[in-house]
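[1] Turn this into a model:
(one chain, ligands or ions: 1)
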Amino acid sequence: MTAHEHLVARRGRRSGITTMVAIHSTALGPAVGGCRFKPYATFEEAVGDVLRLSAAMTAKCAVAGLAFGGGKSVIAPEVGRVLSPEERRAVLLDHADLIAEFGGAYRAGPDVGTGPADMLVLRESSPYAFCTPESAGGTGSSSGPTAVGVLAALRAAGPADLTGRRVVISGYGSVGAHLAASLRAAGADVVVSDIDPAKRAGAEKSGLTWAEPEKALTLTADVVIPAAVGGVLSPETVARLDTPLVVGPANNQLTDDAVADDLAARGVLWIPDYVASAGGILYTLSREAEGLDHEAALARVETIEQTVTDLLSAAKANATTPLYEAAALAERRLTSGAAPRIP
Ligand SMILES: NC(=O)c1ccc[n+]([C@@H]2O[C@H](COP(=O)([O-])OP(=O)(O)OC[C@H]3O[C@@H](n4cnc5c(N)ncnc54)[C@H](O)[C@@H]3O)[C@@H](O)[C@H]2O)c1
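    Modelled structure (predicted):
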């Protein structure tokens, strides 16, 4: 894929905290991507993350059929620093100024560490933030539609009937909780896991089985769903997987693209994260940028099922992996400069 178009990092004039915006591609339209608010051990680590995540957004939008490009932004307070509400607001306003300088070429949404209320603060400087709270006219959290998209991908790749099937979800957060509820309602035996032990009681009360986080991904299961952080699929973890299928919303699950070949060699079907996790962005942009209503936007999220079906057929016909076919599809759309409008 092509090189990045822009990377700007700035120390905020109000907060003194470093924030950055990376635009990977605007070939199909303005770059969209979440604003991640988290401490990084080094500046280079934050830069690496924003570059990787923005490139994944280009592929996510292209494969989803959106006329948008890929971007991402990061707010990186020093490790261990606890921000007061005033300091948090100050750094968000600093970041909003940086976003405004791009004149709409980058548009932010919530990501790890930010939510709809933060998007409202970003909006104070420019209109370039999605997912403000519903009370403020936005579409709020996109975790529900993201879960709907993961379930659509699972329908294309997994067992037709989930009754009694064991599904392990690593990360019992917003998307993980939506998925757990839907999968349990579909009759699956759902195991959840999270690094936050406070979530255990609620999970067990909802009829879910709890697993320790360090073991979750390698449990014997019909489906494993990474729904926490990136970088969880490495050559070492893949060698210990005991499942035929991995599909989930966590961004950048592979430590390296070559891990997709390790997964295939072990007979594990892995649905590329940027394909399975596109439900949130599809829903949000369909509503907020294209003016579709709730039902029409959700119907667009469901198109992920057909996208995954097509990628699996292509991978079978060409003896490749779904990642190879997804990357090739993104590249074709980026080179032609057109994202086909998906109804
Ligand atoms: N929310 C969305 O619309 C959306 C869209 C696309 C992709 N994603 C990605 O999906 C993932 C989940 O998103 P979310 O909105 O549910 O986030 P969230 O922050 O609500 O939940 C993540 C959960 O993972 C837990 N966690 C963190 N590290 C863990 C570990 N090592 N093992 C187990 N649990 C761990 C956290 O305690 C938290 O409960 C993230 O990677 C996010 O980037 C989310």
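
[2] May I see the buried residues of stretch 47-58?
    47, 49, 50, 51, 52, 53, 54, 55, 56, 57, 58 (16 or more other CB atoms under 10 Å). Bear in mind the C-beta positions are built from the backbone N, C-alpha and C, glycine included.

[3] JSON lines for the residues you listed, including pLDDT?
    Output for the buried residues of stretch 47-58, formatted as JSON lines (pLDDT from 0 to 100):
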{"residue": "47", "pLDDT": "97"}
{"residue": "49", "pLDDT": "95"}
{"residue": "50", "pLDDT": "97"}
{"residue": "51", "pLDDT": "97"}
{"residue": "52", "pLDDT": "95"}
{"residue": "53", "pLDDT": "95"}
{"residue": "54", "pLDDT": "97"}
{"residue": "55", "pLDDT": "96"}
{"residue": "56", "pLDDT": "96"}
{"residue": "57", "pLDDT": "97"}
{"residue": "58", "pLDDT": "97"}
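
[4] could you list every residue that touches the closest residue to the ligand within the chain?
    In the chain, the residue that lies nearest the ligand is residue 173 (1.7 Å; CB to the nearest ligand atom). With contact set as CB atoms under 8 Å, 6 or more residues apart in numbering, residue 173 has these partners: 143, 194, 227, 228.

[5] Could you dump those into JSON lines with secondary structure, neighbour count and distance to residue 312 added?
    Below are the contacts of residue 173 laid out as JSON lines (DSSP: H, G, I helix; E, B strand; the rest coil; neighbours: other CB atoms under 10 Å; distance: CB to CB, whole Å):
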{"residue": "143", "secondary structure": "helix", "neighbour count": "21", "distance to residue 312": "26"}
{"residue": "194", "secondary structure": "coil", "neighbour count": "23", "distance to residue 312": "30"}
{"residue": "227", "secondary structure": "coil", "neighbour count": "28", "distance to residue 312": "21"}
{"residue": "228", "secondary structure": "coil", "neighbour count": "24", "distance to residue 312": "25"}
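
[6] Of all pairs in those residues, which one spans the longest distance?
    Across the contacts of residue 173, the longest distance by CB to CB is 14.6 Å; it joins 143 and 194.

[7] hang on, the earlier thing: now the residue of the chain closest to the ligand: phi and psi?
    The phi and psi values for residue 173, taken as degrees, to the nearest 10, are phi -100, psi -150.

[8] ok, now residue 249?
    According to degrees, to the nearest 10, residue 249 has phi -90, psi -20.

[9] contacting residues around it?
    Contacts of residue 249 (CB under 8 Å, 6+ apart): 146, 147, 149, 150, 175, 179, 225, 226, 227, 273, 276, 277.

[10] Return only those of the residues you listed found close to the ligand.
    Near the ligand, judged by CB under 6 Å from any ligand atom, the entries from these are 146, 175, 227, 277.

[11] Can you list the neighbours in contact with stretch 179-198?
    147, 150-151, 161-173, 176, 199-200, 203, 206-213, 215-216, 219, 221, 225, 227-228, 249.

[12] and that stretch, what's its mean pLDDT?
    Across stretch 179-198, the average pLDDT comes to 98.

[13] now do the same end-to-end measure for it.
    Chord length of stretch 179-198, first to last residue, is 19 Å (CA to CA, to the nearest Å).

[14] Which residues belonging to it are considered buried?
    179, 180, 182, 183, 184, 188, 189, 190, 191, 192, 193, 194.

[15] Cross those against strands and list the overlap.
    Among the buried residues of stretch 179-198, the ones falling in strands (DSSP state E) are 189, 190, 191, 192, 193.

[16] which among the residues you listed are in contact with the ligand?
    Answer for these near the ligand (CB under 6 Å from any ligand atom): residue 193.

[17] Max pairwise distance over the ones in strands among the buried residues of stretch 179-198: which two?
    Largest pairwise distance in those, by CB to CB, is 14.1 Å, between 189 and 193.

[18] Pull up the gap between the residue nearest to residue 251 when sequence neighbours are not counted and residue 271, please.
    Distances taken as CB to CB, 6 or more residues apart in numbering put residue 230 closest to residue 251, at 5.4 Å, once the chain neighbours are dropped. Distance of residue 230 to residue 271, computed by CB to CB, to the nearest Å: 15 Å.
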